[in-house]
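In: Got a sequence here, can you build the structure:
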Amino acid sequence: MATVSLESLTDRLELCDQLFFGRDKMLTPQDLPGRYGRVIKAIDHVLESMACESVIAGGWAVWFHGYEGRMTQDVDIALAADRIEEFMRVAGVAGFEVLPQKPGRWPKVRHKETGIKVDILPEGAQPGTPARPAPTTIPHPTKLGASGTKLRYIDLAPLIELKLAAGRPQDEADVAKLILENPDRIAAIRQHLASVHASYAAAFDRLVGRAQEQRDE
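Out: Now for the predicted structure:
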């Protein structure tokens with residue numbers, strides 16, 4: 001079990017305060033405080049040199065779309081399949097360490113200055129678990145909301161699509177929270193999910209029910 005130091009706990013509490021009090025002003029990934037803002041800008045530098053688009057998914061996107069209690073230690077970005085090799089090569093000479101890739105795992109790098117890991121979500125990869133692989137693959141970043149060469153947050157409906165594809169308990173909990181925070185978007189999200197795969201729409205309906213139960217408690 002990892003040891004939590006007083007320094008790391010203090011840093012995390014300070015980050016919580018910055019995110020809470022500055023929430024209304026943090027409209028882009030570049031606005032994130034401290035070392036997270038620095039790693040975003042470092043990723044932007046790599047993307048700009050490649051003329052490549054990408055989006056942030058994962059926990060930071062969940063936070064941005066309304067679940068304010070959700071934080072993560074890593075940064076997840078989606079990349080087009082034909083740009084991943086170049087990204088890893090450029091990142092390796094632009095302040096990142098390319099981490100060894102285990103068989104069956106997706107690529108990742110570590111930002112040397114901040115120590116933050118950046119997980120790559122590759123277009124065409126299949127989310128899920130070995131026991132429950134997703135019926136779909138990760139779309140191209142432009143279908144997730146990417147535009148230009150600066151990182152953007154993934155759009156809400158594709159974020160929920162990827163969460164349902166992953167199928168882990170934490171992902172379902174994230175979706176339930178996002179439903180509670182975005183009740184006016186439920187119909188549009190369901191329409192998107194139904195266009196992707198019927199099982200996602202069914203899972204979403206179940207989580208809408210769970211979210212409503214949580215709201216009524």
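In: Quick one: low-confidence residue ranges for the protein.
Out: 1-26, 217 (pLDDT under 70).
In: mind running it again at 80?
Out: Filtered on pLDDT under 80, the chain yields the residue ranges 1-27, 68-72, 214-217.
In: got the residue ranges for the helices in it?
Out: Under the criterion DSSP state H, the chain carries helices at the ranges 6-21, 34-50, 58-64, 84-91, 156-166, 169-181, 186-196, 198-216.
In: Dump these to JSON lines, plus mean neighbour count and distance to G128.
Out: Using the backbone N, CA and C atoms, a C-beta is placed for each residue, glycine as well. Output for those, formatted as JSON lines (neighbours: other C-beta atoms under 10 Å; distance: least, C-beta to C-beta, whole Å):
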{"stretch": "helix 6-21", "mean neighbour count": "12", "distance to G128": "30"}
{"stretch": "helix 34-50", "mean neighbour count": "18", "distance to G128": "26"}
{"stretch": "helix 58-64", "mean neighbour count": "23", "distance to G128": "15"}
{"stretch": "helix 84-91", "mean neighbour count": "18", "distance to G128": "20"}
{"stretch": "helix 156-166", "mean neighbour count": "24", "distance to G128": "6"}
{"stretch": "helix 169-181", "mean neighbour count": "18", "distance to G128": "10"}
{"stretch": "helix 186-196", "mean neighbour count": "16", "distance to G128": "14"}
{"stretch": "helix 198-216", "mean neighbour count": "15", "distance to G128": "11"}
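In: Would you mind naming the residues that bridge with the residue lying closest to I84 once chain neighbours are set aside?
Out: Nearest non-adjacent residue to I84, counting by C-beta to C-beta, 6 or more residues apart in numbering: P122, 5.6 Å away. Residues in a beta bridge with P122, per DSSP bridges, are L79.
In: just to revisit the earlier point, so for D76, which of the helices of the chain sits nearest?
Out: helix 58-64 (3.1 Å; C-beta to C-beta).
In: for the residue nearest to I84, what are its contacts?
Out: A78, L79, A81, I84, W106, P107, I138 (C-beta atoms under 8 Å, 6 or more residues apart in numbering).
In: And the helices of the chain: which comes nearest K112?
Out: helix 34-50 (9.2 Å).
In: From M88, how far out is R38?
Out: R38 sits at a distance of 20 Å from M88 (criterion: C-beta to C-beta, to the nearest Å).
In: Return the members of the contacts of P122 classed as buried.
Out: Neighbour-count burial (16 or more other C-beta atoms under 10 Å) is assigned, among the contacts of P122, to A78, L79, I84, W106, P107, I138.
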